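S.K.: Next input, structure requested:
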Amino acid sequence: MGIRIRTNQLIYIIDLEGSLDLYESNRLKELVMKMIEKKVERFILNLRDIEALDSSGIGAFIYISSTIKKMNLGLAMANVRGPVRDIIEKTKLMNYFPIYEKMDDAIQALSDLA
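M.R.: As a prediction, the model looks like this:
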């Protein structure tokens, strides 16, 4: 899996690509935790280029989301589609994650946070 980080003002966008399996899920969790330690407060997980997701990937999303919620930070997921969307829907987690169809909508939602 490839991970690329970019910024839009105070929002850090994590572009993910490939497959989110056990190894890559741990890598993603560690990355987000390091970013939190560096005082990053707003995150977008861009899932546009994720081709496959297993249970450890879902677990990573739950862990990241719950950690960010507990710390009153901002999280959004953007471009959730195809098989990844199907898995999130089947696990009944569509309402658990703050999901936006378009990157612009996710950026706007996090920009509105005070």
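S.K.: drop to CA atoms for contacts and neighbour counts, all remaining ones
M.R.: Noted.
S.K.: Quick check: nearest residue in space to L53, chain neighbours excluded?
M.R.: Using CA to CA, 6 or more residues apart in numbering and skipping residues adjacent in sequence, the residue nearest L53 is L20, 5.0 Å away.
S.K.: can you pull the contacts of that neighbour?
M.R.: M1, I50, A52, L53, D54, S56, G57 (CA atoms under 8 Å, 6 or more residues apart in numbering).
S.K.: quick one: least confident of the residues you listed?
M.R.: pLDDT across the contacts of L20 is lowest for M1, at 74.
S.K.: count of neighbours near I13?
M.R.: For I13, the count of nearby residues is 23 (other CA atoms under 10 Å).
S.K.: can you pull out the helices in this structure?
M.R.: Applying DSSP state H to the chain gives helices spanning 22-37, 55-70, 82-90, 103-111.
S.K.: So what pairs up with S19 in the strands?
M.R.: A52 (DSSP bridges).
S.K.: any idea how far I44 is from it?
M.R.: Distance, S19 to I44, by CA to CA, to the nearest Å: 18 Å.
S.K.: before we move on, what about I68?
M.R.: Distance from I68 to I44, by CA to CA: 11 Å.
S.K.: Tell me which residues of the helix or strand of the chain with the lowest mean pLDDT come out buried.
M.R.: Least confident helix or strand of the chain, by mean pLDDT, DSSP states H and E, is helix 82-90 with a mean of 91. Judged by neighbour count (16 or more other CA atoms under 10 Å), helix 82-90 contains these buried residues: V84, R85, I87, I88.
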